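Asks: Model the following, please.
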Amino acid sequence: MTTSRDTCFLDLPGTRTLEGGGRLDGVRVAYRSWGRLDADGANAVLVCHALTGTADADDWWGAMFGPGRALDPGRDFVVCQNLLGSCYGTTGPASIDPATGRPFGPDFPAVTVRDMVAVQADALAVLGVRRLRMAVGGSLGGMQALEWAAMFPDRVDAVVPIAVSAAHSAWCIGWSEAQRQALCADPAWQGGRYDPTHPPAAGLAAARMVAMCTYRTRDAFEARFGRRPQDDTGLFAVESYLRHQGRKLVARFDANAYVTLTRAMDAHDLGRGRDGVSAALAGIGTPALVVSIDSDVLYPPSEQAELAAGMPRAELATLSSPDGHDGFLIQIDELSAMVADFRRRAEAGAQRGT
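Replies: Down below sits the predicted model:
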């Protein structure tokens, strides 16, 4: 198994029962890979993407790749899968429901982060991956990394959850709901059953604009935009920027997938069914690097401090960024150095048996 320059697909057969009770008959998984899988299937690294991300990790996290970097295809078999419930090739609301011959749309069953990770694990097994050297991701990707440590402790050597919490806060749930209601207010929405040629573009764009305000910071907006006008449009520069971000998402993402994935994030609770968050964290013995972003207003540093304090073999690192939550997609060189250093120390410790 070697680098896949194009998106590849796996079809997982059988009926899958989801955590919430829904069922899917067969799941297709879209993925990319970099490097070569060793004969023992134990040199893989899983990159977990965020809400509207893709399996093309070299596009959005390119500076993480390379010799001496966090992700080194010269020694690692790096894999990134598109998430269950997304719209970039893995089964999701835009996929065809075999029972009806039409897209699932709003009838797609509810999924959780645990469902996503279970699909990842099954797909990796088909690829011949027996063990992960590391699972790493930010935001929704960080939720997946945490669940890997909780669900499959014998299959992952280390995890790096970035800019994430042990359970989605009321603050985050509130912002998610504001985005969903902005989408639902679009006249084209009609309960999610829209004409694919006329999707709820205004609603999805508005949802993205709301989200972008939580991904950055007041100071970052002031420094970049201030009260500067945008040419002769009559708009402030920040208004033009947000509208541009909204249009970009409309052009590339499915509205029902947006709802599905934000609800999965809201359901994130590491302590569910595990006697609460404290007990769940205490039960994670996997070495972990918990990365906090000092300016993150969506997942504040106190939430990562809770993670690091609760996991017996975790350490906390702080990424200094003026850009808020999106810092893990912007200050990539600094993040890569943190993760690479953690990996060197964790692997040296494993060799010493400590």
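Asks: list the buried ones in stretch 225-234?
Replies: 225, 230 (16 or more other C-beta atoms under 10 Å). Backbone N, C-alpha and C define where each C-beta goes, glycine included.
Asks: Quick one: residues in contact with it.
Replies: The contact list for stretch 225-234, computed with C-beta atoms under 8 Å, 6 or more residues apart in numbering, reads 235-241.
Asks: Between the two ends of it, what distance do you get?
Replies: 15 Å (C-alpha to C-alpha, to the nearest Å).
Asks: can you give me how far stretch 248-265 is from the chain middle?
Replies: The chain centroid and the centroid of stretch 248-265 are separated by 12 Å under C-alpha atoms, centre = their mean, to the nearest Å.
Asks: Pipe the contacts of stretch 225-234 into TSV and attach distance to residue 292, secondary structure and neighbour count per row.
Replies: Formatted as TSV, the contacts of stretch 225-234 follow (distance: C-beta to C-beta, whole Å; DSSP: H, G, I helix; E, B strand; the rest coil; neighbours: other C-beta atoms under 10 Å):
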residue	distance to residue 292	secondary structure	neighbour count
235	35	coil	14
236	31	strand	15
237	30	helix	17
238	26	helix	18
239	31	helix	15
240	32	helix	17
241	26	helix	18
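Asks: gap between residue 29 and residue 343?
Replies: 26 Å (C-beta to C-beta, to the nearest Å).
Asks: Model confidence for residue 2, exactly?
Replies: Residue 2 is assigned 62 on the pLDDT scale.
Asks: what do you get for residue 354?
Replies: Residue 354 carries a pLDDT score of 62 in this model.
Asks: OK, contacts around residue 288?
Replies: 149, 158-161, 307-308, 311, 313-315.
Asks: Now the buried members of the residues you listed.
Replies: Judged by 16+ other C-beta under 10 Å, buried ones among those: 149, 158-161, 307-308, 311, 314.
Asks: closest to residue 55 among those residues?
Replies: residue 160 (18.3 Å; C-beta to C-beta).
Asks: can you map out the strands along the stretch 251-354 of the chain?
Replies: 288-293, 314-319 (DSSP state E, counting those that start in this stretch).
Asks: in stretch 335-343, what counts as buried?
Replies: So, applying 16+ other C-beta under 10 Å, buried residues of stretch 335-343: 335-336, 338-340, 342-343.
Asks: what about stretch 11-24, how long is it end to end?
Replies: For stretch 11-24, the end-to-end distance is 12 Å (C-alpha to C-alpha).
Asks: Check the buried ones among the contacts of residue 288 against residue 138 and report the nearest one.
Replies: Taking the buried ones among the contacts of residue 288 together and measuring to residue 138 by C-beta to C-beta, the closest member is residue 161, at 8.1 Å.
Asks: Run a quick neighbour tally on the residue lying closest to residue 144 once chain neighbours are set aside.
Replies: Among residues not flanking residue 144 along the chain, residue 48 sits closest, at 3.9 Å (C-beta to C-beta, 6 or more residues apart in numbering). Number of residues near residue 48 (other C-beta atoms under 10 Å) recorded here: 31.
Asks: now swap in the one 3 residues further on and tell me
Replies: By the criterion of other C-beta under 10 Å, residue 51 has 19 neighbours.
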